[in-house]
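A.B. asks: Here is my input, please return the structure:
(one chain, ligands or ions: 2)
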Amino acid sequence: MTYAIECRGLTRTWPGNPPVEAVRGIDLVVEQGTCFGVLGPNGAGKTTTIEICEGLLAATSGEARILGLSWNSDADRIRQQIGISLQETRLSEKLTVLETLTLFRSFYHAGLDPWQAIDKVSLREKAHARIKTLSGGQKQRVAVATALVGNPRLLFLDEPTTGLDPQSRRDLWRIITEFRQAGGTVLLTTHYMDEAERLCDRVAIFDRGQILAIDTPKRLIAALGAEHVIVFAVSGDQNLPEDFGSGLPGVIGVRRESEHRCLSVREPHVAIPALLSLITQQGLQLTSLTTRQATLEDVFVHYAGRGLNDGEGGVR
Ligand SMILES: Nc1ncnc2c1ncn2[C@@H]1O[C@H](COP(=O)(O)OP(=O)(O)O)[C@@H](O)[C@H]1O
Ligand SMILES: [Mg+2]
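C.D. replies: Residues are numbered from 1 along each chain as shown. Ligands and ions are numbered 1, 2, ... in the order given. Alright, predicted model coming up:
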């Protein structure tokens, strides 16, 4: 079977002093009919990679083949089969929703009726409203509709839900899921790990222009060997060593998350009593304790050695 996307040895360097190696050797394949997520903090190289796949940027070296075709020789054939929603879409503020979709439909030989695209994103009541009168979430739905109106086989979505309210995010998740259920392929970038877990069949975790890990969300989490996280806080925390709790039975990793400490554990029922007696022994006061399932965020911390929101390269 032909891959929807096949990247081999992709690199991209931005000129400058010093030059920025935004993408430093990306290899990945996306199977048709799947949703693939590119995850990582700001500056990881997600947009650069997706824009090379979209034919908007040239790679410095390596190649991205799309639906078995090459951008060098088959650019028009690729363009007719893909839909693109950019990280920041500048739609013409004065056009109405219907006019916008009619315009985008004119770029394709075949595709949906503009009204069908409007219905896919549930904006029929806004069809005659000008873009400038729409909310952020509605504008984002129009942007996705412009990507759908050519009836693409492959949909590219760069941070489709960043900055949206929870209801708009869920609306977009539904649109993406429906497209995928109808047999479409999706490549999306996000820095929301919950979004990736919910939508993606496979994900690649990007950091500093490289892939740290690539697999299904379930397998990435299982590979940590610690599927639970104990999150706790104690009074007088500032006097404790950084690795407090690391010697307890079943504890795989320890780290701080602002005022809390996190223990990655295999068996909470073994680790929690041991933690409580350690705290009592040391005359400390427990101020909070919860447990949660490990997430892709924990996978990122494991591979990158820092949190998604921590310092250099973190999400701002
Ligand atoms: N047009 C550009 N000129 C120079 N550097 C750029 C340009 N676009 C992106 N970069 C740099 O490339 C790196 C990767 O950026 P980007 O691909 O946008 O990351 P992400 O989408 O993961 O946030 C960053 O260090 C960024 O500053
Ligand atoms: Mg980006």
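A.B. asks: which residues touch stretch 243-261?
C.D. replies: 224-226, 231-234, 237, 242, 262-267, 270-271, 274-275, 278, 288, 301-302, 307 (C-beta atoms under 8 Å, 6 or more residues apart in numbering). Heads up, the C-betas are built off the backbone N, CA and C, glycines and all.
A.B. asks: Just the ones in helices from those residues, please.
C.D. replies: Here DSSP state H is the test, and these give 270, 271, 274, 275, 278, 301, 302 as lying in helices.
A.B. asks: How many neighbouring residues does the spatially closest residue to the third one that is not a sequence neighbour have?
C.D. replies: The shortest distance from residue 274 to any residue that is not its chain neighbour, by C-beta to C-beta, 6 or more residues apart in numbering, is 4.5 Å, and that residue is residue 248. Residues within reach of residue 248, counting by other C-beta atoms under 10 Å, total 19.
A.B. asks: Number of residues surrounding the nearest residue to residue 270 once chain neighbours are set aside?
C.D. replies: Nearest-residue entry for residue 270: residue 250, 4.8 Å, with adjacent residues in sequence omitted and distances by C-beta to C-beta, 6+ apart. The tally of other residues near residue 250 (other C-beta under 10 Å) stands at 17.
A.B. asks: List the buried residues in stretch 287-306.
C.D. replies: 294, 295, 296, 297, 298, 299, 300, 301, 302, 304, 306 (16 or more other C-beta atoms under 10 Å).
A.B. asks: Per-residue pLDDT of the fifth one, please?
C.D. replies: Note on residue 298: pLDDT of 90.
A.B. asks: And the contacts of the helix or strand hosting it?
C.D. replies: Using DSSP states H and E, residue 298 falls within helix 296-304. Around helix 296-304, the neighbours that count as contacts under C-beta under 8 Å, 6+ apart are 39-40, 193, 196-197, 203, 205, 207, 212-213, 217, 220-221, 223-224, 226, 229, 253, 255, 264, 307-308.
A.B. asks: List buried residues within those.
C.D. replies: Neighbour-count burial (16+ other C-beta under 10 Å) is assigned, among those, to 39-40, 193, 196-197, 203, 205, 207, 212-213, 217, 220-221, 224, 226, 229, 253, 255, 264, 307-308.
A.B. asks: Show me what the longest helix anywhere in the chain is packed against.
C.D. replies: For the chain, the longest helix by residue count, based on DSSP H, is helix 166-181. With contacts taken as 3 or more C-beta pairs under 8 Å, 6 or more residues apart in numbering; DSSP states H and E, helix 166-181 sits against helix 136-148, strand 154-158, strand 185-190, helix 193-199.
A.B. asks: Just checking: what are the partner strands of the second one?
C.D. replies: Going back to what we said before, that points to strand 154-158. Using DSSP bridges, strand 154-158 pairs in its sheet with strand 82-85 (parallel), strand 185-190 (parallel).
A.B. asks: about what we covered before: which members of the contacts of helix 296-304 additionally contact ligand 2?
C.D. replies: Among these, no residue lies close to ligand 2 (C-beta under 5 Å from the ion).
A.B. asks: out of the residues you listed, who's near ligand 1?
C.D. replies: Among these, the ones lying near ligand 1 by C-beta under 6 Å from any ligand atom are residue 40.
A.B. asks: Now, the contacts of helix 296-304 that are in strands?
C.D. replies: 39, 203, 205, 207, 212, 213, 229, 253, 255, 264 (DSSP state E).
A.B. asks: Quick check: the farthest pair among the residues you listed?
C.D. replies: Greatest spatial distance in the ones in strands among the contacts of helix 296-304: 203 and 255, 21.3 Å, computed using C-beta to C-beta.
A.B. asks: So which bits of the chain are right by ligand 2?
C.D. replies: Checking the chain against ligand 2 by C-beta under 5 Å from the ion, the hits are 46, 47, 87.
A.B. asks: Most neighbours among those, which one is it?
C.D. replies: Neighbour tally across the residues of the chain next to ligand 2 (other C-beta under 10 Å): the maximum, 26 neighbours, falls on residue 46.
A.B. asks: what about the residue in the stretch 201-316 of the chain that ligand 1 sits nearest to, neighbour count?
C.D. replies: Per C-beta to the nearest ligand atom, residue 206 is where the stretch 201-316 of the chain lies closest to ligand 1, at 6.4 Å. When neighbours are counted by other C-beta under 10 Å, residue 206 registers 28.
A.B. asks: Determine how far stretch 96-109 lies from the middle of the whole chain.
C.D. replies: Averaging C-alpha positions (C-alpha atoms, centre = their mean, to the nearest Å) puts stretch 96-109 28 Å from its chain's average.
A.B. asks: average pLDDT for it?
C.D. replies: Here stretch 96-109 scores 96 as its mean pLDDT.
A.B. asks: Dump it to PDB, keeping only the CA atoms.
C.D. replies: What follows is stretch 96-109 as a C-alpha-only set of coordinates in PDB (Å, rounded to 0.1, in the frame of the first residue of the first chain):
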ATOM      1  CA  THR A  96     -18.900  35.900   3.900                       C
ATOM      2  CA  VAL A  97     -18.400  32.300   4.900                       C
ATOM      3  CA  LEU A  98     -20.200  31.100   1.700                       C
ATOM      4  CA  GLU A  99     -18.000  33.400  -0.500                       C
ATOM      5  CA  THR A 100     -14.900  32.200   1.200                       C
ATOM      6  CA  LEU A 101     -15.700  28.500   0.600                       C
ATOM      7  CA  THR A 102     -16.800  29.200  -3.000                       C
ATOM      8  CA  LEU A 103     -13.400  30.900  -3.600                       C
ATOM      9  CA  PHE A 104     -11.500  27.900  -2.100                       C
ATOM     10  CA  ARG A 105     -13.600  25.400  -4.000                       C
ATOM     11  CA  SER A 106     -12.600  27.200  -7.300                       C
ATOM     12  CA  PHE A 107      -9.000  26.100  -6.600                       C
ATOM     13  CA  TYR A 108      -9.900  22.400  -7.100                       C
ATOM     14  CA  HIS A 109     -11.100  20.600 -10.200                       C
END
